[in-house]
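Novice: Next input, structure requested:
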Amino acid sequence: MADQMTQLDGAAVPGPAAPAQPPAAPPVPPSQPPAGGVDYAAYAPTAAGGFPAQAPPPPAGAPVGPYDPVPGGGYAAPDAGQTYGGGYAYPQQQQPGYYPGAPVAPAPKQRNPVMLWGGIIGGVLAISIVAALIVLLKDDPKPDPGPGPVANSSGSTGTSGTTGTTGTTGGVTDPPTTPGKTGATYNVAWTLPKAPGADSSASMLGVWGTDKTLVRVDSTGIKGYNAADGKDAWTIPVPSGSKEICTASYAPNSKSIAAISLNTGDHDCSTIAAVDLNQGKLLWSVKAGTERLSQPTLSVTEKTVAIGGSLVGGLNIDNGSPVWQYTPRDKYCSLYGRAAGAQIAVSDSCFNSSPKAQLVLLDSDTGKTTSSAMALTGSYEEVDKVVSDQPLVLLMTGGSSGDYILPFDKNNKPMNPMSVKEAGADSLRLSGQADAMTRSVVSGTTLYAQIGGGKPAINAYDLTSGKRLWSAASTDTSQDIRIVSGTDKNGKVRAIVEQGYDKPSRLVTLSPTDGSMTDIGTMAMPNGLDIGISLSEYIVPAEAGSVYAFSRSSSDAPLTKWKK
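Specialist: Residues are numbered from 1 along each chain as shown. Next up, the predicted model:
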């Protein structure tokens, strides 16, 4: 790996040390069925512990990790993505085919929300998932209007605007102002009314989908809706014995199996459960380990439910029995794992080992290392988010030169790290695959990031150089522009551009070369319906025949469908 970090404007700053030798592959514990069987009625944990007890605490006086209890008081910090008081974190990122109907892309691209639509898990698995999800969210030409959702078949129409110009910033020329091509008009097919008794503090944890069903996950339960007409398909409440859902996998596998973690009390989220989206039920639940696990990240392959947190391991997808658990290189090491599709990124902080901290990648199915270990030199350096799993892009925190973005090549070799700080601008706020709201998308070697503040925009950065390529904004820079999860079949990023209250918004693709906008169509806003750009997660199938918007808060309409 290069020993120089580049800032987003191309300037170099010190980076992490060169990679160390890879550690020996951890032993794979024998797979045992969970003790006690499965309690399908209450969905209580089906085993006393999915994994053996963790290492003993360090001796008295030993230094503690950055998130360990602080001598003399203090509390352990939560895993990345944990929120309090009804707050929310922005999502997990997009992979090819992560969204409905996405065919195999000609070049690597990404998925974001770590949770939305059948994300590509990796390798051969990616092909099987795309094949299984190729029909995901295809529109029913004759939907049953039915009761429940509020139909809006006639909406206001409008023509598209033009591509905006934001001037020149930091030596980078923004997109030229060129007329966009007028596309189709997307009218509201249906929108779900506010759910009675909805909990306004229940923020969205994930969005999933099958060929027939749209699924929303929040702390209060899992809700499935028919994609054709928006009618209720099924509901999975929080299981008996659990207080809430803590986290959700960023995507289901090709068999429409997803995973969640459950808080069984005192913020202990170490109980893991599998969800069958076709049947709308929990398949099994098991307690993974004997110690408390806070806000674990999860990913699902064809074989395992991979767990990333202070415990790192894999559970059998069929019954929840333990398949493997990562063994730290020292009994006084603290782990920080983040599930990344077919891999798990693991950073550690150790008392007696050299280097004191390192980063390694593991195979989600076997627990074997898939990369050389990379020494970490910062005081509290660790992996914070998986921005993308294909290609793999990590957000690292606590580096010797601050937080940085770490991209990898197809052989899992780290490329040049990039600082999240750009001269004259706020640090980038990137979404990870454990987040349910998209703020960034990776396609090929380009990172697209949502920029907020007084002049909303989408910036593009070259991952190989760290330089900003361009910035795209609405013609009226006071209006919002919202990045859409995933990419189209050509790997292009899409966005929704606001044109003012009670006016149709533009659905566009952004040119990877200069950010110029090409109109897909306009989204009608009948009856004063606000686009709610900053409060919704937008999903667009590859064919762009429909648009879905999931509300971040369950107190609002949780789902709206537009159709051209």
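Novice: now residue 246: how far from residue 484?
Specialist: To residue 484, residue 246 is 27 Å away according to C-beta to C-beta, to the nearest Å. Placement of C-beta: from N, CA and C, glycine included.
Novice: wait, I meant residue 390
Specialist: Counting by C-beta to C-beta, the gap from residue 390 to residue 484 is 18 Å.
Novice: coming back round to it: quick one, which of residue 246 and residue 484 is more surrounded?
Specialist: residue 246 (27 against 24; other C-beta atoms under 10 Å).
Novice: My read is that the more buried one contacts residue 263, right?
Specialist: Yes. Counting by C-beta atoms under 8 Å, a contact exists between residue 246 and residue 263, whose distance comes to 5.0 Å.
Novice: any common contacting residues for the two?
Specialist: residue 269 (C-beta atoms under 8 Å, 6 or more residues apart in numbering).
Novice: all strands of the stretch 151-300 of the chain, in order?
Specialist: Ranges of strands in the stretch 151-300 of the chain, per DSSP state E, counting those that start in this stretch, are 168-169, 172-173, 184-191, 204-209, 213-218, 221-226, 232-237, 244-248, 257-263, 271-276, 281-287, 297-300.
Novice: Packing partners of the third one?
Specialist: Right, the one you point to is strand 184-191. strand 150-151, strand 517-523, strand 546-551, strand 559-563 (3 or more C-beta pairs under 8 Å, 6 or more residues apart in numbering; DSSP states H and E).
Novice: Sheet-wise, list the partners of the longest one with their directions.
Specialist: Looking at strand 517-523 with DSSP bridges, its partner strands are strand 184-191 (parallel), strand 505-510 (antiparallel).
Novice: buried sites along the first one?
Specialist: Neighbour-count burial for strand 184-191, counted by 16 or more other C-beta atoms under 10 Å, picks out 185-191.
Novice: Next, the angle strand 559-563 makes with it.
Specialist: 150 degrees (axes from the mean of the first three to the mean of the last three C-alpha atoms, to 10 degrees).
Novice: Kindly report the same for the shortest one.
Specialist: Angle between the axes of strand 505-510 and strand 559-563 is 80 degrees (criterion: the same axes, to 10 degrees).
Novice: quick one: contacts of strand 505-510?
Specialist: Residues contacting strand 505-510 (C-beta under 8 Å, 6+ apart): 160-161, 180, 183, 186, 448, 458, 460, 472, 484, 488, 492-499, 516-523, 525, 531, 533, 540, 544, 547.
Novice: Give me the spatial nearest neighbour of residue 356, chain neighbours excluded.
Specialist: residue 350 (5.9 Å; C-beta to C-beta, 6 or more residues apart in numbering).
Novice: Pretty sure that neighbour sits against residue 333.
Specialist: Yes. Assessed by C-beta under 8 Å, residue 350 is found in contact with residue 333 at 4.0 Å.
Novice: on that earlier part again, compare the mean pLDDT across the helices and strands packed on strand 184-191 and name the weakest.
Specialist: Of all those, the minimum mean pLDDT falls on strand 150-151 (a mean of 44).
Novice: which residues of this protein fall in helices?
Specialist: Assigned by DSSP state H, the helices in the chain fall at 123-132.
Novice: Where does pLDDT dip in it?
Specialist: Low-confidence segments of the chain (pLDDT under 70): 1-182, 195-198, 526-534, 542-544.
Novice: rerun that using 80 as the cut-off
Specialist: Across the chain, the ranges flagged by pLDDT under 80 are 1-183, 194-201, 423-425, 453-454, 476-478, 500-502, 525-535, 541-544, 553-557.
Novice: gap between the closest residue to residue 283 other than its chain neighbours and residue 248?
Specialist: Distance criterion C-beta to C-beta, 6+ apart; nearest residue to residue 283, sequence neighbours excluded, is residue 274 at 4.3 Å. Counting by C-beta to C-beta, the gap from residue 274 to residue 248 is 12 Å.
Novice: So for those two, which sits in the more crowded spot?
Specialist: When residue 274 and residue 248 are compared for neighbours, residue 248 comes out ahead with 31 against 24, by other C-beta under 10 Å.
Novice: isn't the more buried one right up against residue 215?
Specialist: No. The criterion here is C-beta under 8 Å, and residue 248 misses it with residue 215 at 9.4 Å.
Novice: So for residue 357, which of the strands of the stretch 151-300 of the chain sits nearest?
Specialist: strand 297-300 (19.2 Å; C-beta to C-beta).
Novice: Please name the strands paired to the closest one in the sheet, noting orientation.
Specialist: Strand 297-300 is paired, per DSSP bridges, with strand 304-308 (antiparallel).
Novice: what's next to the partner strand, contact-wise?
Specialist: Contacts to strand 304-308, defined as C-beta under 8 Å, 6+ apart, come from residues 249, 259, 272, 274, 288, 293, 296-300, 313-317, 320, 323, 337-340, 344-346, 364-365.
Novice: Number of residues surrounding residue 454?
Specialist: For residue 454, using other C-beta under 10 Å, the count is 6.
Novice: quick one, what contacts it?
Specialist: residue 478.
Novice: ok, so what distance separates residue 289 from residue 557?
Specialist: In terms of C-beta to C-beta, residue 289 sits 39 Å off from residue 557.
Novice: Residue 217 now?
Specialist: Taken as C-beta to C-beta, the span from residue 217 to residue 557 is 17 Å.
Novice: what does residue 361 give?
Specialist: Separation of residue 361 from residue 557 (C-beta to C-beta): 40 Å.
Novice: Overlap in contacts, residue 274 and residue 248.
Specialist: With C-beta under 8 Å, 6+ apart as the test, residue 274 and residue 248 both reach 258-259.
Novice: quick revisit: could you double-check that the residue nearest to residue 283 sits in contact with residue 284?
Specialist: Yes. The pair residue 274 / residue 284 is scored as a contact, 5.6 Å apart, by C-beta under 8 Å.
Novice: shared neighbours of those two, which are they?
Specialist: With C-beta under 8 Å, 6+ apart, residue 274 and residue 284 have common neighbours residue 320.
Novice: and residue 538, what does it touch?
Specialist: Neighbours of residue 538 in contact, by C-beta under 8 Å, 6+ apart: 438, 482, 484-485, 496, 547-549.
Novice: wait, which of these is closest to residue 235?
Specialist: Of these, the one sitting nearest to residue 235 (C-beta to C-beta) turns out to be residue 548, at 18.8 Å.
Novice: tell me the contacts of the closest one?
Specialist: Counting by C-beta under 8 Å, 6+ apart, residue 548 has contacts 137, 214, 538-540, 559-562.
Novice: what's the closest of those residues to residue 478?
Specialist: Among the contacts of residue 548, and counting by C-beta to C-beta, the member closest to residue 478 is residue 538, at 20.5 Å.
Novice: Spatially nearest residue to the closest one, not counting backbone neighbours?
Specialist: residue 484 (4.7 Å).
Novice: how about the nearest residue to residue 220, chain neighbours excluded?
Specialist: Here the residue nearest residue 220, using C-beta to C-beta, 6+ apart, is residue 202, at 4.7 Å.
Novice: Cross-check the contact I'm expecting between that neighbour and residue 556.
Specialist: No. With contact defined as C-beta under 8 Å, residue 202 does not count as touching residue 556 (11.1 Å).
Novice: Quick check: bridge partners of residue 359?
Specialist: According to DSSP bridges, beta-bridge pairing links residue 359 with residue 347, residue 374.
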